[in-house]
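*Asks:* sequence? don't have it. structure:
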């Protein structure tokens, strides 16, 4: 009876109302952070954003893939008058000393009513999801509105990741790991018209929800079985898988990689149970249909790159081994780009600014490698090895055709996976001996990430407001370009929301640590009938 009472208390503590509040709080905070990034970045300052935006604008008006024009390399889409485009809009690209005040706005007279977009054949789903606001707003307002909608969609997936992560009482490290989904480069892509952002968000939700679902099928440890229903977990896994598979041409491959690594992390027992449960096949069929649609669209539309010229990229025509080795050598650069290399790879940060992020990452990953059991360390090695080797393998295979076109942001779905798996393993049974460190190190890690985030936001904004050669004081004394709401109000709002996120995520971790400690005490009491009763987790919930 005592064991049943304890389990009932745990279920009460993680009742659906609690997980719903986690979802909505995470959604609100992430949506605000992504929106602030979308307002702080000049339109088309995000890589390839002009091409993605032009496709979305044309697609929601019926021009699905554009049309060829003699003498123009890429397919051309027609733009309405209010979205006429001139390259002068982005005169500041690759000139960090220049501000974003280029004297030409989207829709001004003299712009072209067409755009030769190199993404015209991309899968249309993302562009339908974000393109519709341009039917309501014109010019720059339409681009900002698309960015905000994209950020809201990404925030849904991150909120799902938080909800599923915190749906068990053994999750003390996961707020730390999930905080890497709220770092500047990730948020920068969330708040942009670029499917790279929703690819990372969907992958983050898939990593956590699939791990939780597999634990549900294993069921050997009540401390890691989600209080969310299996059907709800399947819904998140299905939607996240389809969005990941259809976000870009390589989506089906990324889906296979993430799913395979999750299978490796949880083991054969859970995987076997999943595939021998009949109800699983409805969701599996939906995921397969989404992946098949993505593959067929890519093959039909030719959105995989064609044969590149030698001037398009390094190593065009290179062998597999040459391409593989070339990418391995550039891996430190790719990691820097993933941490924070903004603009069209023309806006890096100073080395010192990166250190808080590196310190937070080192704390989490080093603990996972040094403090877990052998199987967990092997799992970390597999996931980390995949994050480092998959880009090299993919580019080695395609180097003869495309050359080396990889950028660090393409690997974010893998790099984020390393932090999520590390936090997931540390929160499990193999991390029990490090449990006493979780609350303190989580607060330290969250503080480091928040400090880095605010510094990156300010420095990137400064680059566009006054350029990199002007003093900081010029931002408020004599700015050349002002974002919507103004530069300083945006910085102040970003600092405030970052602080709220830090406090909320830290409180989640602390509450999870308390719940786990009380559950462990209860389990000791269950095995010793003469022991005095310790407080039930539901008592802690009432106090909270």
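*Replies:* Cool, got the structure. What you see is a predicted model, and the numbers here were worked out from it, not measured in a lab.
*Asks:* Next up, the contacts around residue 33.
*Replies:* 182, 187, 494, 497-498, 501 (C-beta atoms under 8 Å, 6 or more residues apart in numbering). In short, each C-beta sits where N, CA and C put it, glycine included.
*Asks:* export those to a markdown table and tack on pLDDT and distance to residue 30?
*Replies:* As requested, the contacts of residue 33 are exported to a markdown table (pLDDT from 0 to 100; distance: C-beta to C-beta, whole Å):
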| residue | pLDDT | distance to residue 30 |
| --- | --- | --- |
| 182 | 97 | 6 |
| 187 | 98 | 8 |
| 494 | 98 | 13 |
| 497 | 98 | 9 |
| 498 | 98 | 12 |
| 501 | 98 | 8 |
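*Asks:* so where's the stretch 251-400 of the chain shaky on pLDDT?
*Replies:* Scanning the stretch 251-400 of the chain for pLDDT under 70 picks out 302-308.
*Asks:* Can you classify residue 167 by secondary structure?
*Replies:* coil (DSSP: H, G, I helix; E, B strand; the rest coil).
*Asks:* residues contacting it?
*Replies:* When contacts are counted by C-beta under 8 Å, 6+ apart, residue 167 touches 14, 19, 212, 226-228.
*Asks:* Just give me the closest of these to residue 342.
*Replies:* residue 212 (33.0 Å; C-beta to C-beta).
*Asks:* Show me the longest helix that occurs in the chain.
*Replies:* As assigned by DSSP state H, the longest helix anywhere in the chain is helix 487-527.
*Asks:* Please state the offset of that helix from the chain centre?
*Replies:* Distance of helix 487-527 from the chain centroid (C-alpha atoms, centre = their mean, to the nearest Å) equals 20 Å.
*Asks:* Which secondary structure elements does it sit against?
*Replies:* Contact here means 3 or more C-beta pairs under 8 Å, 6 or more residues apart in numbering; DSSP states H and E; on that basis helix 487-527 packs against helix 2-13, helix 16-40, helix 174-178, helix 438-465, helix 474-477, helix 537-543.
*Asks:* of these, which approaches residue 138 most closely?
*Replies:* Residue 138 sits nearest to helix 16-40 of all the helices and strands packed on helix 487-527, at 17.5 Å, using C-beta to C-beta.
*Asks:* Which strands or helices does the helix or strand following the closest one pack on?
*Replies:* Where DSSP states H and E defines the elements, the next helix or strand beyond helix 16-40 is helix 49-59. Helix 49-59 is packed against strand 76-78, strand 114-116, helix 125-131, helix 139-165, with contacts defined by 3+ C-beta pairs under 8 Å, 6+ apart.
*Asks:* So which of the contacts of residue 33 is surrounded by the most neighbours?
*Replies:* When neighbours are counted by other C-beta atoms under 10 Å, residue 187 leads the contacts of residue 33 with 27 neighbours.
*Asks:* I'd like to know how far residue 330 sits from residue 405.
*Replies:* Going from residue 330 to residue 405 by C-beta to C-beta, to the nearest Å gives 12 Å.
*Asks:* Actually, residue 363.
*Replies:* 33 Å.
*Asks:* swap in residue 243?
*Replies:* In terms of C-beta to C-beta, residue 243 sits 23 Å off from residue 405.
*Asks:* which of the two has more neighbours?
*Replies:* Neighbours were counted for residue 243 and for residue 405 using other C-beta under 10 Å; residue 243 has more, 27 against 16.
*Asks:* In terms of helices and strands, where is that one?
*Replies:* Taking DSSP H and E as the criterion, residue 243 maps to helix 230-247.
*Asks:* winner for burial among the helices and strands packed on helix 487-527?
*Replies:* Of all the helices and strands packed on helix 487-527, helix 174-178 carries the top mean neighbour count, a mean of 29, counting by mean count of other C-beta atoms under 10 Å.
*Asks:* helix or strand right after that helix?
*Replies:* Following helix 174-178 in sequence, per DSSP H and E, is helix 184-190.
*Asks:* by contact count, what packs against that following helix?
*Replies:* Counting contacts by 3+ C-beta pairs under 8 Å, 6+ apart, helix 184-190 packs against helix 16-40, helix 139-165, helix 195-218, helix 320-340, strand 341-342, helix 412-427, helix 438-465.
*Asks:* lowest average confidence, helix or strand, in this structure?
*Replies:* The weakest-scoring helix or strand in the chain, judged by mean pLDDT, DSSP states H and E, is helix 537-543 (a mean of 31).
*Asks:* tell me the SS of residue 404?
*Replies:* Recorded secondary structure, residue 404: coil (three-state DSSP).
*Asks:* Residue 156 contacts residue 27, correct?
*Replies:* Yes: with contact defined as C-beta atoms under 8 Å, residue 156 reaches residue 27; the gap is 6.4 Å.
*Asks:* Low-confidence stretches in this protein?
*Replies:* For the chain (pLDDT under 70), the answer is 1-17, 221-224, 302-308, 523-544.
*Asks:* Was I right to think residue 97 contacts residue 464?
*Replies:* No: using C-beta under 8 Å, residue 97 makes no contact with residue 464, being 11.5 Å away.
*Asks:* coming back round to it: of the helices and strands packed on helix 184-190, which is nearest residue 107?
*Replies:* The nearest among these, by C-beta to C-beta, is helix 139-165 at 3.8 Å.
*Asks:* What sits closest to residue 247 if chain neighbours are left out?
*Replies:* Distances taken as C-beta to C-beta, 6 or more residues apart in numbering put residue 199 closest to residue 247, at 4.0 Å, once the chain neighbours are dropped.
*Asks:* Return the residues in contact with the one you found.
*Replies:* 243-244, 247-248, 251, 254, 413 are the contacts of residue 199 under C-beta under 8 Å, 6+ apart.
*Asks:* With residue 99 instead?
*Replies:* Residue 99 neighbours (C-beta under 8 Å, 6+ apart): 92, 464-467, 480-481.
*Asks:* just residue 103 next, same as before
*Replies:* 88, 91.
*Asks:* Roughly how far does it sit from residue 373?
*Replies:* When residue 103 is compared with residue 373 (using C-beta to C-beta), they lie 62 Å apart.
*Asks:* how about residue 69, secondary structure?
*Replies:* Secondary structure of residue 69, per three-state DSSP, is coil.
*Asks:* please begin residue numbering at 602 from this point
*Replies:* New numbering, starting at 602: the last item is residue 670.
*Asks:* and it, how many neighbours?
*Replies:* Neighbour tally, residue 670, other C-beta under 10 Å: 12.
*Asks:* That one contacts residue 713, correct?
*Replies:* No: using C-beta under 8 Å, residue 670 is not in contact with residue 713, being 11.8 Å away.
*Asks:* for residue 713, phi and psi?
*Replies:* phi -80, psi 150 (degrees, to the nearest 10).
*Asks:* Am I right that residue 746 is in contact with residue 735?
*Replies:* Yes: counting by C-beta under 8 Å, residue 746 does reach residue 735; the two are 7.4 Å apart.
*Asks:* neighbour count winner among these two?
*Replies:* For residue 746 versus residue 735, the count of surrounding residues by other C-beta under 10 Å is larger for residue 735: 26 against 17.
*Asks:* who's in contact with the nearest residue to the more buried one once chain neighbours are set aside?
*Replies:* Spatial nearest neighbour of residue 735, excluding adjacent residues (C-beta to C-beta, 6+ apart): residue 743 at 4.1 Å. Contact analysis of residue 743 by C-beta under 8 Å, 6+ apart lists 658, 683-684, 707, 734-735, 737.
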